[in-house]
Every structure is written in C-alpha cells, then in structure tokens.
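[1] return a 3D structure for these sequence lines:
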Amino acid sequence: MSPELHREMCEALDELETEDETKIVVVTGAGDSFSAGQDIKLYFRGNEDNPKARAQARHDSHHWRWRNCRNTPKPTIAMVNGFCFGGAFTQLCACRLCRRGR
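    Residues are numbered from 1 along each chain as shown. Okay, the predicted model is just below:
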C-alpha cells in the first residue's frame, strides 16, 4: 500500500458512501495476493523530508480504513485472495465481514 493508494481509496469510498446504487462494499486485492502490506519506502521514507505530505499520507491511510470501512452505513466485506501481510490486516479488522476468496 502506498500514499497514492490510500488517497485513491479515500476518494473511491467517500463517493460510494453516498451513491444510492451501491449497497455493499467489497475490498479485495488484485492478482494472487490480498496485500503485501505497506510500501515502507513510499509511505515512510518517501515523505521523510515533507511533514505535510507525511501527515496527509497518515490521514488518508487511517481515513479509508477506519472511517470508511468501519463506520460507513453500508456493509463492508474484505475478500481475501491469497496472502495478507503487515498493515493490510487493518482493512480486515475494519471491514464488517472477512471471507477467503477463490
């Protein structure tokens, strides 16, 4: 997971929350794994000289996983396909239901 992914997930889930046609939200990975976790280089070291960008990345990371997945009025499902490491467990905990895919 990267700061860009966190920002994109915030935008997508904020939009889905108010979309009447969306009844549930399913979070899943692409490929053979759910997630390899946080991209340490991009998330931590990529913003070490930019406190504003670091704060924004931290905000986005927590916002979509806890505010969007946990507190949205729509049911959230983590569809876990393959491996799940490190910080990716946060989404699993935040979603209301976890299911093993494939």
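
[2] any low-confidence regions in the protein?
    101-102 (pLDDT under 70).

[3] what residue lies at the spatial centre of it?
    R65 (4.9 Å; CA atoms, centre = their mean).

[4] who touches it in this structure?
    With contacts defined as CB atoms under 8 Å, 6 or more residues apart in numbering, R65 is in contact with 9, 90-91, 94. In this view, the C-beta of every residue, glycine as well, is placed from N, C-alpha and C.

[5] go again using 7 Å as the cut-off
    Applying CB atoms under 7 Å, 6 or more residues apart in numbering to R65 gives the contacts 90-91, 94.

[6] what separates it from T18, distance-wise?
    Separation of R65 from T18 (CB to CB, to the nearest Å): 19 Å.

[7] remind me, longest helix of the chain?
    Criterion DSSP state H: the longest helix present in the chain is helix 3-17.

[8] what residues of it count as buried?
    Buried residues in helix 3-17, counting neighbours by 16 or more other CB atoms under 10 Å, are found at 3, 5-7, 9-10, 13, 16.

[9] one more: stretch 88-102?
    Those would be 88, 90-92, 94-95, 98, for stretch 88-102 by 16+ other CB under 10 Å.

[10] the residues you listed into JSON lines, with extra columns for secondary structure?
    Output for those, formatted as JSON lines (DSSP: H, G, I helix; E, B strand; the rest coil):
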{"residue": "A88", "secondary structure": "helix"}
{"residue": "T90", "secondary structure": "helix"}
{"residue": "Q91", "secondary structure": "helix"}
{"residue": "L92", "secondary structure": "helix"}
{"residue": "A94", "secondary structure": "helix"}
{"residue": "C95", "secondary structure": "coil"}
{"residue": "C98", "secondary structure": "strand"}
